[in-house]
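# build me a model from this:
(chains A and B, ligands or ions: 2)
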Amino acid sequence: MKKENLQVLSLVILTLCTFACSKDNNTANNTVSSDTSAQATAILQGPDAFADISDNKQRAKSLFLEMAKVIQHPRCVNCHAAGNRPLQGDQQQPHQPPVFRNNSGMGHPGMLCITCHSATNVQISSTHSIPGHTPWIMPPENQAWENVPISNICEQLKDPERNGNKSIEAVVHHFTEDGLVGWAWNPGAGRSPPPGNQAILGALAQAWMDAGAHCP
Amino acid sequence: MAVTLTINGESKTVNAEDDTPLLWVLRDELNLTGTKYGCGIAQCGACTVHVNNLPRRSCVTPIKSIEGMQITTIEGLDGPVAEAVQAAWQKIDVPQCGFCQTGQVMSAVGLLNSIRKPDDADIDNGMTGNICRCATYVRIRNAIHDAAGILEKQK
Ligand code: FES
Ligand code: FES
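Ligands and ions are numbered 1, 2, ... in the order given. Predicted coordinates:
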């Protein structure tokens, strides 16, 4: 190899090494910070963690903010979407193939939700699955949570005109018992579950209601 | 494992795992090859059949989940809506290569079963999951309007 070529080669190697090293450092830093924030959101604390807040209003607000870790998770927001089309996956992309809520919340004739979604998850590969539950349904547009501040979601949940004419007890029941809510913790390959489990979410919702259902 | 399915009005028992996709059984076990395999992941619509008269993607439908239900494939499709769609498809000469057309027809019949006089938006929203690589979409839309017209005249 000619001398000039060797110089070019060593320069390339040096550049690549510098890039690789700096990349490693960045990756390490990113890993540390994202791990920390992941830990904070990965844990869903039960109502006991808020028991020492003596003021009911403050306790209710804190309880609801804990519930927000689930409520604002893609497993919930993807169907509580703002538009007429659900979102999909942890990246919250528009649903593919395109499918629309329609008045029923169950898709458009010819292209219903159940055209693809069965009663249970259908695994396609280790990283992909078609989620399933009966019913598989989108809530009405006035129950959208996508890009809605958590305080507004809380007010919406308490407003019979925007919560399907439900009592606060029925709203709590949705969190506690609804099978489609429970599906979030069994979402199938390729989707992450929200933190905690439905029992903790239900206990938080119950404690929030018992403390007066105040909103943050 | 034996699973009994009702396909085109006939009871069929197949030896297959409970989670076998219906499409595999139709094509490989029962030789009903009118239903096509396009993607296998509910993205193209080529595999559409009817389950209890509603369109269903057979590639992601485990056979056990539809035991006891009425499954209709393109081979068994009949009745006034199916005949109107067939006539319109022939008149307008919809297919190009034809590969997607089974799914298109099954979805079109499913749409017309629910909405007898669909407008363009109904057609777009109801047929959005059926991809045509030959881009016959304009002819499909015209044919669905035409089929709706045929059905209206029969009233
Ligand atoms: S083969 Fe079933 S949707 Fe493509
Ligand atoms: S006619 Fe060729 S893919 Fe549709």
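
# mean confidence score for stretch A:95-106?
Averaged across stretch A:95-106, the pLDDT comes to 93.

# repeat that for stretch A:61-77.
Here the average pLDDT along stretch A:61-77 is 98.

# what does it contact?
A:41, A:44-45, A:47, A:49-50, A:53, A:87, A:89-90, A:92, A:145-146, A:150, A:153-154, A:175, A:181, A:183-184, A:187, A:191-196, A:201, A:204-205, A:207-208, A:211, A:214-216 (C-beta atoms under 8 Å, 6 or more residues apart in numbering or on different chains). Every C-beta, even on glycine, is put in place using the N, C-alpha and C of the backbone.

# and the gap between residue A:170 and residue A:89?
Distance, residue A:170 to residue A:89, by C-beta to C-beta, to the nearest Å: 30 Å.

# same question, residue B:30
In terms of C-beta to C-beta, residue B:30 sits 34 Å off from residue A:89.

# and if you look at residue B:131?
Taken as C-beta to C-beta, the span from residue B:131 to residue A:89 is 20 Å.

# of these two, who's got more company?
Neighbour totals were compared for residue B:131 and residue A:89, and residue B:131 leads with 18 against 14 (other C-beta atoms under 10 Å in any protein chain shown).

# residues in contact with that one?
Counting by C-beta under 8 Å, 6+ apart, residue B:131 has contacts A:97, B:38, B:43-46, B:100.

# can you give me the neighbour number for the nearest residue to residue B:96 once chain neighbours are set aside?
With C-beta to C-beta, 6 or more residues apart in numbering or on different chains as the criterion, residue B:96 has its nearest non-adjacent residue at 3.4 Å, and that residue is residue B:134. Per other C-beta under 10 Å, the neighbour tally for residue B:134 reads 14.

# residue B:134 and ligand 1, how far apart?
Distance of residue B:134 to ligand 1, computed by C-beta to the nearest ligand atom, to the nearest Å: 16 Å.

# wait, that residue sits on residue B:97?
Yes. Between residue B:134 and residue B:97 a contact is recorded at 5.3 Å, counting by C-beta atoms under 8 Å.

# so which bits of chain A are right by chain B?
A:96-100, A:102, A:108-112, A:114-116, A:118-120, A:122-124, A:128, A:130 (C-beta under 8 Å from any C-beta of the partner chain).

# those residues in strands, which ones?
If you go by DSSP state E, those have A:108, A:111-112, A:122-123, A:130 in strands.

# could I get the phi/psi values of residue B:91?
Here is the backbone geometry of residue B:91 (degrees, to the nearest 10): phi -60, psi -40.

# could you look up the SS state of the residue nearest to it when sequence neighbours are not counted?
In this structure, residue B:91 finds its nearest non-sequential neighbour in residue B:146, 6.5 Å apart by C-beta to C-beta, 6+ apart. With DSSP: H, G, I helix; E, B strand; the rest coil as the basis, residue B:146 sits in helix.

# tell me the contacts of residue B:146?
Neighbouring residues of residue B:146 by C-beta under 8 Å, 6+ apart: B:88, B:91-92.

# cool, and residue A:84?
Counted by C-beta under 8 Å, 6+ apart, residue A:84 has contacts A:100-101, A:141.

# how about the residues you listed in TSV, adding distance to residue B:120 and neighbour count?
Output for the contacts of residue A:84, formatted as TSV (distance: C-beta to C-beta, whole Å; neighbours: other C-beta atoms under 10 Å in any protein chain shown):
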residue	distance to residue B:120	neighbour count
A:100	14	18
A:101	19	21
A:141	22	14
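
# just the closest of those residues to chain B, please.
residue A:100 (5.1 Å; C-beta to the nearest C-beta).

# surely that closest one meets residue A:106?
No. At 10.4 Å, residue A:100 does not count as touching residue A:106 under the criterion of C-beta under 8 Å.

# how far away is residue B:43 from residue B:104?
With distances taken as C-beta to C-beta, residue B:43 is found 15 Å from residue B:104.

# which elements pack onto the helix or strand encompassing residue A:151?
For residue A:151, the host element (DSSP states H and E) is helix A:150-158. Here helix A:150-158 touches helix A:56-71, helix A:168-177, going by 3 or more C-beta pairs under 8 Å, 6 or more residues apart in numbering or on different chains; DSSP states H and E.
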